[in-house]
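Trainee: The following block contains a protein sequence and its predicted model.
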Amino acid sequence: MYDDEELSAIREAKESWEAATLDPTLDRHGERKSRFATVSNREVDRLYTPEDVADLDYDEDLGFPGEEPYTRGVYPTMYRGRTWTMRQFAGFGTAEETNERFRYLIDEGQTGLSTAFDMPSLMGIDSDDKMSLGEVGKEGVAVDTLRDMEVLFDGIDLAEVSTSFTINPSAPVIYAMYVALADRRGVPREELRGTLQNDMLKEFIAQKEWVIPPEPSLDLVTDTIEFAVAETPKFKPISVSGYHIREAGSTAVQELAFTLADGFAYVEACLDRGLDVDQFAPQLSFFFNSHNSLFEEVAKFRAARRIYATVMDEWYGAEADASKQLKFHTQTAGQSLTAQQPLNNVARVTIQALAGVLGGTQSLHTNSFDEALALPSEQAVRVALRTQQIIAEESGAADIVDPLGGSFAVESLTDETEAEAMAYIEEIREMGDGSVRDGVLRGIDQGYFHREIQESAYEYQERVDDGEETVVGVNAYEIDEDTRPDLLKVDETTRERQLDRLESVKAERDDDAVAASLDDLRDAVAAGENVMPEIVTAVKAYATMGEIMEVFEAEHGAYRERIGVA
Ligand SMILES: C[C@H](C(=O)O)C(=O)SCCNC(=O)CCNC(=O)[C@H](O)C(C)(C)COP(=O)(O)OP(=O)(O)OC[C@H]1O[C@@H](n2cnc3c(N)ncnc32)[C@H](O)[C@@H]1OP(=O)(O)O
């Protein structure tokens, strides 16, 4: 953006500034540390100047919001047109309690819903399974059958509100239940809006919740995408997630690179299926973490959009604008919250949420300050939501599109992040047969991702232990405290109430219809057909989550990870 003459003038001026102004100050006072780095241990410079962005081409690298390469945002007006979706992740107990929390959040001004499921539902087992003991309704809502979904969305208009479902191995079943619920209520499938997390690759990489092995899992994800394209065009069948990769201890660059690699693996799986890129790509969505280093995070989000637009165009031949726009949800970093002095978390969350907004997120969850201690209390959830409302309506951050665009520091960090993430993606591609899909699957099999993340997590902890990384209230500014906030307690009768409902559903349903639907599903699985229509039929007959997931496990076997801990 500067010509050679201007750049050399700036270089000379900087040299004189260093000699005349900076050096005497350094001699007198020095600096607080010999090295300044982000939470990902990326060293940052004292000062950035046009020299650091000398290679930046405004048209090619930045452009305008709503235009390629979307570095400055996917919409031309961004939050001046509509603020991001405020989408607090919620769920606990039975469907009744979660329905009540959903309505509370809507009343408080939340603009989208986001469902947290309990561990049995996440793992595709029923509440009456002995493996579910102690877990029913604990970390999220318990869903065994369509009946639970009917209660969960009681009084909520499916055509009005967009709902996210954080669920992975058993995602096709929850998706089928949502479609079945819409059918029952007479809501056209085309009207359904929402997002299924359904990102199995990151499960094998980081979160480690799976049922069947990676390849058939990827096939199942592809089934849901194919079904969504045909049946629910406004619904996002996948939220390719870096959040859990980061929470497992990766750096910002690893989070970005592994997430995009997973995204490209799904693109390739859909292309292999014979789908047209411009048909399915607009329905893909992403999900990132937002951590403490404000500028690093903003750079990550901006680099994500630029890489995605370029790769979708150049590698996969995408033509439609919507196929090249990376749209993402952001959640503030749970891992950064401290149990010590929990109110300090409000400040952390504010900075992280601001990074998401300055980075152009489409949807945001702000963590509650008590989340290092328990599921969020109502008061803590309200403060978290109010934090978003304050950023949206008081801070002015929503009034200027890409306000950090053009900052020498942020542009330079964006470039660095992009280059390093692309190098990772190329490395992953080379690990396989030349496709990202194969590289990711081999990387999982060989423990590559696990090792990379583990190393970063270890290094971070070392820095905290050495005091190089300050964690306020933990390794600095500690206090003696014996007060604890009021924590949410999950009602101990949850399991009993859930088992009663499951038992009554089983007593009332037509067992022959259930058996027939499960047989049809088994046949579809064995024939390698898209299984979504059969799952929809099975959930309508009130087949349970566990009964349906067993069909897949019987066919493909349960996955066991081969890697160990170094
Ligand atoms: C950690 C935890 C765990 O594991 O336990 C988790 O994972 S929790 C994970 C929780 N995950 C989530 O909550 C995922 C949430 N994801 C999403 O909501 C989606 O996938 C998303 C990222 C694409 C965001 O979708 P969204 O509907 O909220 O937002 P959009 O940006 O699509 O906006 C909604 C509508 O408004 C329009 N719109 C928005 N802004 C503008 C603007 N400035 N000008 C014109 N139109 C605009 C859009 O085009 C769209 O319309 P139209 O619809 O007509 O196009």
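Mentor: Thanks, I have the structure now. Please read these numbers as outputs of a predicted model, since none were measured by experiment.
Trainee: Show me which positions of the longest strand seen in the chain end up buried.
Mentor: Criterion DSSP state E: the longest strand present in the chain is strand 284-290. Residues of strand 284-290 classed as buried by neighbour count (16 or more other Cβ atoms under 10 Å): 284-290. Just so you know, the C-beta spots here come from the backbone N, C-alpha and C atoms, and that holds for glycine as well.
Trainee: Let me know the average pLDDT across the following helix or strand past that strand.
Mentor: As assigned by DSSP states H and E, the chain's next helix or strand after strand 284-290 is helix 294-314. The average pLDDT within helix 294-314 is 98.
Trainee: Keeping just the C-alphas, turn the next helix or strand after helix 294-314 into PDB.
Mentor: Toward the C-terminal end, the helix or strand that comes next after helix 294-314 (DSSP H and E) is helix 321-324. What follows is helix 321-324 as a C-alpha-only set of coordinates in PDB (Å, rounded to 0.1, in the frame of the first residue of the first chain):
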ATOM      1  CA  ASP A 321     -20.300 -15.900  -3.000                       C
ATOM      2  CA  ALA A 322     -21.900 -17.900  -0.200                       C
ATOM      3  CA  SER A 323     -19.600 -20.800  -0.800                       C
ATOM      4  CA  LYS A 324     -16.600 -18.700  -0.100                       C
END
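Trainee: Do helix 321-324 and the ligand come into contact?
Mentor: No. On the criterion Cβ under 6 Å from any ligand atom, helix 321-324 is out of touch with the ligand, staying 8.4 Å away.
Trainee: Which strands or helices does whichever helix or strand comes after that helix pack on?
Mentor: Sequence-wise, the next helix or strand downstream of helix 321-324 (DSSP H and E) is strand 328-332. Under the contact definition 3 or more Cβ pairs under 8 Å, 6 or more residues apart in numbering; DSSP states H and E, strand 328-332 sits against strand 284-290, helix 294-314, helix 344-358, strand 363-365.
Trainee: got the contact list for the residue in the stretch 51-200 of the chain that the ligand sits nearest to?
Mentor: Of all residues in the stretch 51-200 of the chain, Gly81 sits closest to the ligand, at 2.8 Å by Cβ to the nearest ligand atom. By Cβ atoms under 8 Å, 6 or more residues apart in numbering, the residues touching Gly81 are Tyr75.
Trainee: Is the most centrally placed residue in the chain bridged to anything, and to what?
Mentor: Nearest to the geometric centre of the chain sits Phe287, at 2.8 Å (Cα atoms, centre = their mean). Per DSSP bridges, residues listed as beta-bridge partners of Phe287: Ser241, His329.
Trainee: quick one: it and Leu326 touch, right?
Mentor: No. Counting by Cβ atoms under 8 Å, Phe287 does not reach Leu326; the two are 10.9 Å apart.
Trainee: Tell me where the model's unsure across the protein.
Mentor: 483-485, 564-566 (pLDDT under 70).
Trainee: where do the strands sit along the stretch 101-250 of the chain?
Mentor: 113-116, 163-166, 194-196, 235-236, 238-241 (DSSP state E, counting those that start in this stretch).
Trainee: Give me the buried stretch members for the first one, please.
Mentor: Same thing as strand 113-116. 113-116.
Trainee: Tell me which two in the buried residues of strand 284-290 are the farthest apart.
Mentor: Of all pairs drawn from the buried residues of strand 284-290, the one with the longest distance (Cβ to Cβ) is Leu284 and Ser290, at 20.2 Å.
Trainee: what residues does this protein put near the ligand?
Mentor: Looking at the ligand, the residues of the chain close enough under Cβ under 6 Å from any ligand atom are 75, 77-78, 81-82, 85, 87, 89, 112, 114, 162, 164, 166, 195, 197, 234, 236, 239, 243-244, 285, 287, 327-329, 331, 362-363.
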